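Chemist: Need a 3D model of the following:
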Amino acid sequence: ALQARGVNVVFTGKFAPNAPVVSGPATSNVGKPVWTWESGGGGGTGTYRYQLDGEAGVWMTTAGTSFTPSAALPVGMHTLYVQERNAAGLWSAPGSKAVEVLTAPSLVTNGSFESGVDPGAYLKLNAGSTALDGWTVGGAGVYYVGSYYQAGQGARCIKLTQQKPGWIAQAIPTTPGQTYRVTFLMAGDPFPYLTPEQKIKTLELSASAGGALVGSQQFTFDTTGKSVRNMGWDARSWEFTATSTETVLRIGSVSPGPYGPCVDNVVVTVVE
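Modeler: Below you'll find the predicted structure:
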């Protein structure tokens, strides 16, 4: 038997396959990075097994060629190990890929709005719509924007107005007394034929629990010189201290009329 990185590869007249080639991003700003792999050749049958952050635990067998963690990973380095089996039942030495998770897992579901019905160029979402996974839509409704705008993160974003101000909200789990940081990207409808005052877009971010306001803050964005292909997304942040085990985060337009603020990449993390 040959000891190969902690895995016994036994030669019984046939050789084990070559190690799979495992790929993934070098770094990830989300807690669920995606790993993929392909056969390294040498007679593998396309049956794989994988293990995250170690080789001594339980291996998961699959015919697939990708892995996404079911729960967000903590900040730090994480390595996926993958082996391939041949017809004789021999497993290869493991191929591996390390990915560094840079930010703490967000408490918000679908914070960059990539999950939901396909909005195409854009799609009106009226109050009560369930088209945007994880979020409630209220007020006068919002626009779910796809290819029409340059998104701040991914391919989709939200304009927080239709003809009048609207809002989106989501309930997140919190611990009373714990402080949380909300970060997001802000821009605005860059419609050019507006007065300088109308080009200043305002949104309000608030947190509430049990119907009582925990805190709120307004943010502004100037769309002067911006366009649908150059939105000028800008990072903003705000902190609140929870008073309950569930907090409702709400983001809404304060600007009158249809040319309101836009939001993308909403992230909520614990302040250590």
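Chemist: helices and strands of the protein: which one has the lowest mean pLDDT?
Modeler: Every helix and strand in the chain was compared by mean pLDDT, DSSP states H and E; the lowest is strand 2-4, with a mean of 48.
Chemist: Please name the strands paired to the helix or strand where Q217 lies in the sheet, noting orientation.
Modeler: Here Q217, judged by DSSP states H and E, is contained in strand 212-222. Paired strands of strand 212-222, with direction, are strand 200-209 (antiparallel) (DSSP bridges).
Chemist: For the strand it pairs with, the averaged confidence score.
Modeler: On average, the pLDDT along strand 200-209 is 98.
Chemist: Take it, keep the C-alpha atoms, and write them as PDB.
Modeler: Output of strand 200-209 as PDB, limited to C-alpha atoms (Å, rounded to 0.1, in the frame of the first residue of the first chain):
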ATOM      1  CA  ILE A 200     -30.800  63.800  -5.200                       C
ATOM      2  CA  LYS A 201     -32.300  60.500  -4.300                       C
ATOM      3  CA  THR A 202     -33.100  59.600  -0.600                       C
ATOM      4  CA  LEU A 203     -33.900  56.200   0.900                       C
ATOM      5  CA  GLU A 204     -34.600  55.300   4.500                       C
ATOM      6  CA  LEU A 205     -33.200  52.100   6.200                       C
ATOM      7  CA  SER A 206     -35.000  51.100   9.400                       C
ATOM      8  CA  ALA A 207     -35.100  48.200  11.900                       C
ATOM      9  CA  SER A 208     -38.200  47.300  13.900                       C
ATOM     10  CA  ALA A 209     -39.300  44.600  16.300                       C
END
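Chemist: any residues touching that strand, and which ones?
Modeler: Applying CB atoms under 8 Å, 6 or more residues apart in numbering, the contact partners of strand 200-209 are 160, 174, 182, 184, 186-189, 213-223, 238, 240, 242-244, 246-255, 259-263. For glycine as for every other residue, the C-beta is placed from the backbone atoms N, C-alpha and C.
Chemist: do stretch 19-27 as well
Modeler: When contacts are defined by CB under 8 Å, 6+ apart, stretch 19-27 is touched by residues 33-40, 44, 48, 80-84, 92-97, 99-102.
Chemist: okay, how far is it across that stretch, tip to tip?
Modeler: This stretch, stretch 19-27, spans 23 Å end to end (CA to CA, to the nearest Å).
Chemist: That one: which residues count as buried?
Modeler: Within stretch 19-27, the residues that qualify as buried are 19-20, 22-24, counting by 16 or more other CB atoms under 10 Å.
Chemist: likewise stretch 130-140?
Modeler: 132, 135-140.
Chemist: which one of these sits closest to L107?
Modeler: W135 (13.6 Å; CB to CB).
Chemist: So that closest one sits against W167, correct?
Modeler: No. Contact status for W135 versus W167: not in contact, 9.8 Å apart, counting by CB atoms under 8 Å.
Chemist: Now the phi/psi pair for W167, please.
Modeler: phi -150, psi 160 (degrees, to the nearest 10).
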